[in-house]
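# Following is a predicted model, sequence given first.
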Amino acid sequence: MSLFKKVLASVGIGSAKVDTRIASTQIEVGGELRGVVEIQGGQLEQKIDRIYLYLKTQYLKEQNDRKVAVQAEIARFLITEGFLLQPGERRDIPFCFTVPDHTPVTLQRAPVWIETGLDIKNAIDPTDHDHIQVLPHKHMQVVLNALHELGFRLREVSNEYAPRLGRGLPFVQEFEFVPTTHFRGVLDELEVMFYVQGDDLELLLQIDRKARGLSGLLAEALDLDESFVRLTISGGELRRGSAAVARMLRELIARYA
């Protein structure tokens with residue numbers, strides 16, 4: 001390559017473009033995401049060192065008395081090692097990877113997307129973003145159905161900054177429910193965090209009791225009206241269905257209500 005062409009390539013003139021096409025943009029936590037990365041060469045020969053796919057989301061973090069959205073990388077996947085892309089050449093690189101168990105589901109304010117990155121100097125389109133819809137893991141769905149059967153209405157889902165609870169991530173996904181039947185008048189709200197553990201499912205529940213009387217108001221003021229409970233439900237118990245899990249959760253919550 002002549003010196004002039006090298007200069008053109010270094011400033012991004014006539015360089016490669018990338019486009020990622022996903023077979024299905026709706027995927028369950030723990031499922032396989034398949035697709036193809038399409039690379040289109042430009043006017044000049046270019047060396048591409050690596051191609052990565054990044055699974056990303058965003059979470060809320062309090063800064064200067066307000067909450068701001070911060071991007072987070074959930075996982076990174078190496079699609080191919082380096083190669084030389086000829087002028088006008090097109091390459092289709094198929095991929096398939098498992099959506100990690102700790103990926104947040106895309107409900108309400110919890111976006112998840114695939115970001116394609118080429119390790120290439122000053123490419124015209126070095127990144128490509130594709131949003132996907134992430135559905136709950138099958139075990140999570142059983143618990144969500146059980147809570148619905150107990151009269152809990154899902155009020156909010158959010159990714160919140162909590163590195164101590166994130167287990168390797170800087171955030172945790174919180175599911176906030178309000179009672180409408182069984183625990184109405186007893187609980188203010190119920191917050192649930194899900195952790196898939198192989199065939200089991202661990203729950204962290206924050207049970208917020210409704211203040212009753214002067215002592216209850218005092219407890220609420222001191223945050224003593226909240227109980228944090230950990231519960232692990234085995235895969236066998238989850239496969240019994242939402243009704244069985246609902247009975248288990250009802251007994252557990254009643255002990256702290």
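Perfect, thanks for sending it. Predicted model only: the values in this text are computed from it and were never measured.

# What does the pLDDT read for the residue nearest the centre of the chain?
Centroid-nearest residue in the chain: Pro104, 2.3 Å away (criterion: C-alpha atoms, centre = their mean). Looking at Pro104, its pLDDT reads 96.

# show me what contacts it?
For Pro104, the contacting residues are Thr57, Ile74, Ala110, Val112, Val134, Asn159, Gln173, by C-beta atoms under 8 Å, 6 or more residues apart in numbering. (C-beta placed from N, C-alpha, C; glycine too.)

# Okay, domains of this protein per the record?
Taking automatic domain parsing as the criterion, the chain consists of the domains 14-135, 138-256.

# State the mean pLDDT of stretch 155-163.
When pLDDT is averaged over stretch 155-163, the result is 94.

# what does that stretch contact?
Surrounding stretch 155-163, the residues in contact under the criterion C-beta under 8 Å, 6+ apart are 57-62, 70, 72, 104-105, 107-110, 169-178, 189.

# Now with 6 Å, please.
With C-beta atoms under 6 Å, 6 or more residues apart in numbering as the contact definition, stretch 155-163 has outside contacts at 59-61, 104, 107-110, 170-176, 178.

# Thr80: which of those residues is nearest?
Of all these, the one with the least separation from Thr80 (C-beta to C-beta) is Pro104, at 27.5 Å.

# Backbone dihedrals for that closest one, please?
Torsion angles at Pro104 (phi, psi; degrees, to the nearest 10) stand at phi -70, psi 150.

# What's the separation between it and Pro163?
For Pro104, the distance to Pro163 under the criterion C-beta to C-beta, to the nearest Å works out to 15 Å.

# May I have the strands that pair with the lengthiest strand in the chain, each with its orientation?
If you go by DSSP state E, the chain has its longest strand at strand 66-80. Based on DSSP bridges, the strands next to strand 66-80 in the sheet, each with its direction, are strand 51-63 (antiparallel).
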